[in-house]
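[1] how would this look folded up:
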Amino acid sequence: MTLKPHEQELINQVQTGLCIGGVWQPSSTGATFDVQDPATGEVIKTIADATVDDALRALEAAVTAQEAWAETSTRGRSNILRRAFDLLMDRHEDFALLISIEMGKPISEARAEVTYGGEFLRWFSEEAVRVRGDYRPTPEGAGNIVVSHLPVGPTYFITPWNFPLAMATRKIAPALAAGCTVVIKPAELTPLTTIFLVQLLEEAGLPAGVVNVVPTTSPADQSSALLKDARLKKLSFTGSTPVGVKLLEAAAQNVLRTSMELGGNAPFIVFEDADLDRAVEGVLLAKFRNIGQACTAANRIIVHESIADTFAQRVSDRVAQMKIGRGAEESTDIGALVDGRAVAKAERLVADAVATGATVLTGGKSIEGPGSYFEPTVLDRLSPNSALMSEEIFGPVLGIIRFTNEEEAVKIANDTDYGLVSYVFTENVHCGQRMIEKLQTGMMGLNTGLISNAAAPFGGVKQSGIGREGGFEGISEFLSTKYTLIPR
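    Alright, predicted model coming up:
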């Protein structure tokens, strides 16, 4: 299948070069790499492959632009972010289609990502003018304490492939609001949406050098060089925990400020008093949104034994009706996984679950190409020893394990090194309040399968990360606190 004419026209609008200092340019070596449509395996665009020298030139551009951007009034920064939001809403369908083509997700979910991603531009356009300081006398009365918050400085962002717009705006918007310049490396599987976003920021009036984009197929080399450069002041990464640990080790050499949004292994607990209609809808959203390729995806479905059979059958019946197809088609419920490696992982996890005693209620197999497809799958009676219980799945595979009492449910839920998000379904408000206190996660959804919101602080505990993105807290990640004493 080739791209439709309107799809090709959209792809043609995306720049092929790197953006360094406001100039779109080829790689310094002329190197390029191909971007593929995971639904077909076909190449849809060939773009510049940044070298280490290119990345360092991008950092130089960000350093050069830093002082003027920090001195730009907060209202000026706010206005640019607001214009960017308005432009994004004007091109809502274009961005949704681009996301769906290069990443594979259903077009309805791509539209939801554009709305969600855009909210970070709007939210931080409003937060830009609300950075507060403090002025107070010392307790002894000998002087006055002045507390101010200043931009951290040039930042480096590494964004994932699964939400190519929202993960970029979630980092770029607070950085710009705070007065920081940016070098961003989008995932090599889905760089086009980020490139298109930077083009939009230029149209919104962002000065040259404030945001620089350097896609590369050598991310480790690029990141190593930038993190060694003393001019860089902050790193923000979204991705796997093992890679995050390596980046933290490298960032420690220059004592960089870091924000790390890492892996997840989310428990989804359904108590015996849960509203089953609501719980079924919640688990379908929490598990199959983005084809299961989300750090917030429900990994371990922990259901009270008294309702588990009914719950499993109802979920299986719904999943069996899901339509598989190319994400850009309106009727698609489950699109292609991002690449063949994702399919192989789903195959391995399902085989392991079955080998350790689970029953396949629906799905369970990959689909012959073209494209990287895997059937939406429901597994019942998972073994505690199943790999599905310990690994981040990142695919459309739902596994159910049973529990007998609240204590057991909490123990199963907390038995992981991760702590990003948890989901709880109960009609008992006291049980819900206990879960807020007992579940070891940075976020929790109570009777809902979707928790992300630009106005909320997104982030985890344990090995799921450091820092928060979004909310009132999001801009503080890009500000340093300065105390000044003024004696009387």
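
[2] residues in contact with stretch 425-435?
    Outside of stretch 425-435, the residues within contact range by Cβ atoms under 8 Å, 6 or more residues apart in numbering are 268-271, 273-275, 278-279, 282, 406, 410, 422, 424, 444, 446-447. In this view, the C-beta of every residue, glycine as well, is placed from N, C-alpha and C.

[3] let's see it at 7 Å
    Here stretch 425-435 makes contact (Cβ atoms under 7 Å, 6 or more residues apart in numbering) with 269-271, 273-275, 278-279, 282, 406, 424, 444, 446-447.

[4] Stretch 362-379 too?
    Applying Cβ under 7 Å, 6+ apart, the external contacts of stretch 362-379 come out as 38-41, 288, 312, 315-316, 319-320, 322, 324, 334, 336-337, 339-340, 342-343, 346-347, 350, 353, 358-361, 395-400.

[5] what do you get if the cut-off is 6 Å, keeping everything else the same?
    The set of residues external to stretch 362-379 that reach it, using Cβ atoms under 6 Å, 6 or more residues apart in numbering, is 38-41, 315-316, 319-320, 322, 324, 334, 336-337, 339-340, 343, 346-347, 350, 353, 358, 360-361, 395-399.

[6] Can you pull up the most central residue in this protein?
    With distances taken as Cα atoms, centre = their mean, Met167 lies nearest the centre of the chain, 4.6 Å away.

[7] That one: which element?
    For Met167, the element it lies in under DSSP states H and E is helix 166-178.

[8] CA atoms only: put the next helix or strand after that helix into PDB for me.
    Following helix 166-178 in sequence order, the next helix or strand is strand 182-185 (DSSP H and E). Output of strand 182-185 as PDB, limited to C-alpha atoms (Å, rounded to 0.1, in the frame of the first residue of the first chain):
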ATOM      1  CA  VAL A 182      16.500  23.500  23.800                       C
ATOM      2  CA  VAL A 183      18.200  20.800  21.800                       C
ATOM      3  CA  ILE A 184      15.800  17.900  21.100                       C
ATOM      4  CA  LYS A 185      16.500  14.400  19.800                       C
END
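
[9] just checking, next helix/strand downstream of strand 182-185?
    For strand 182-185, the following helix or strand on the C-terminal side (DSSP H and E) is helix 192-203.

[10] ok so, going back, how about the residue nearest to the centre of the chain, nearest residue that isn't a chain neighbour?
    Spatially, and ignoring its direct neighbours in sequence, Met167 is nearest to Thr159 (4.4 Å; Cβ to Cβ, 6 or more residues apart in numbering).

[11] do Thr310 as well
    Counting by Cβ to Cβ, 6+ apart, Leu276 is the residue found nearest to Thr310 once chain neighbours are left out, at 6.9 Å.

[12] do Thr181 as well
    Spatial nearest neighbour of Thr181, excluding adjacent residues (Cβ to Cβ, 6+ apart): Ala62 at 3.9 Å.

[13] In what element of secondary structure is that neighbour found?
    helix 52-71.

[14] rewinding a little: what backbone torsions are found at the residue nearest to Thr310?
    phi -60, psi -40 (degrees, to the nearest 10).

[15] Which pLDDT value belongs to it?
    Looking at Leu276, its pLDDT stands at 98.

[16] Relative to Val410, how far out is it?
    Distance, Leu276 to Val410, by Cβ to Cβ, to the nearest Å: 21 Å.

[17] Pick out whichever of those two has more residues nearby.
    Per other Cβ atoms under 10 Å, whichever of Leu276 and Val410 has more neighbours is Val410, with 20 against 14.

[18] hang on, Ser383 packs against Thr356?
    Yes. Using Cβ atoms under 6 Å, Ser383 makes contact with Thr356 at a distance of 4.0 Å.
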